[in-house]
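here is a sequence with its predicted model. Questions after.
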Amino acid sequence: MVDVFAGRTLLNKDGDFVDPEEALKNKVVGIYFSAGWCPPCRDFTPILCDFYTELVEESDPPAQFEIVFISSDKSTEDMVEYYHDMHGDWLALPWTDDYKHELKERYKITAVPKLVIVKENGNVITDKGRKQIRDKGLACFRSWLDAAEIFENFKG
């Protein structure tokens, strides 16, 4: 269980509530701080979508990886539009949940986009997920998995 989301409710792309304990168990988690009004975010999000699709949706078995989107959009409507139009089939913290402010403080987020890769306990593997994906592509996941020290089913 990713302790960082303990007791919270997350959303999927269909707008359904998701229990983070089930959805994030035994996974490396990318906490994606982003916003639709931000040009660098709109530039990186499609790259992140491709990365996620290859790792999770096209791998058999799926890689032990999940993303949780933390919105810096200006309204729920802006967040929902950006999430549905540009994001992959990952999870999101509801825009109305003020916990996003605690997460930004905990992970020292001063600008978006920022992709923080964490272990199950919420400890940081890297706060340079965006750069690593751009530089190394799928290869960076192996180093994250090794650092996460979780039971592996990933062959790659």
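Yep, it's here.

now do stretch 17-37, average pLDDT.
Averaged across stretch 17-37, the pLDDT comes to 95.

over to stretch 52-69?
Mean pLDDT, computed over stretch 52-69, is 92.

what about that stretch, how long is it end to end?
The first and final residues of stretch 52-69 sit 13 Å from each other (CA to CA, to the nearest Å).

again, but for stretch 19-33
Note: stretch 19-33 ends 20 Å apart using CA to CA.

likewise stretch 35-42?
This stretch, stretch 35-42, spans 8 Å end to end (CA to CA).

okay, buried residues for that stretch please.
Neighbour-count burial for stretch 35-42, counted by 16 or more other CB atoms under 10 Å, picks out Ala35, Gly36, Cys38, Cys41, Arg42. C-betas here are computed from N, CA, C, even on glycine.

next one: that stretch to chain centre, how far?
Taking CA atoms, centre = their mean, to the nearest Å, the mean C-alpha location of stretch 35-42 is offset from the chain mean by 16 Å.

could you find the closest non-adjacent residue to Leu55?
In this structure, Leu55 finds its nearest non-sequential neighbour in Ala63, 4.0 Å apart by CB to CB, 6 or more residues apart in numbering.

please enumerate the strands of this protein.
Along the chain, the segments classed as strands by DSSP state E run 10-11, 17-18, 28-34, 65-71, 91-92, 114-118, 124-126.

so which residues make contact with the fifth one?
Applying CB atoms under 8 Å, 6 or more residues apart in numbering, the set of residues contacting strand 91-92 from outside is 10-12, 18, 20, 23, 66-71, 79, 83.
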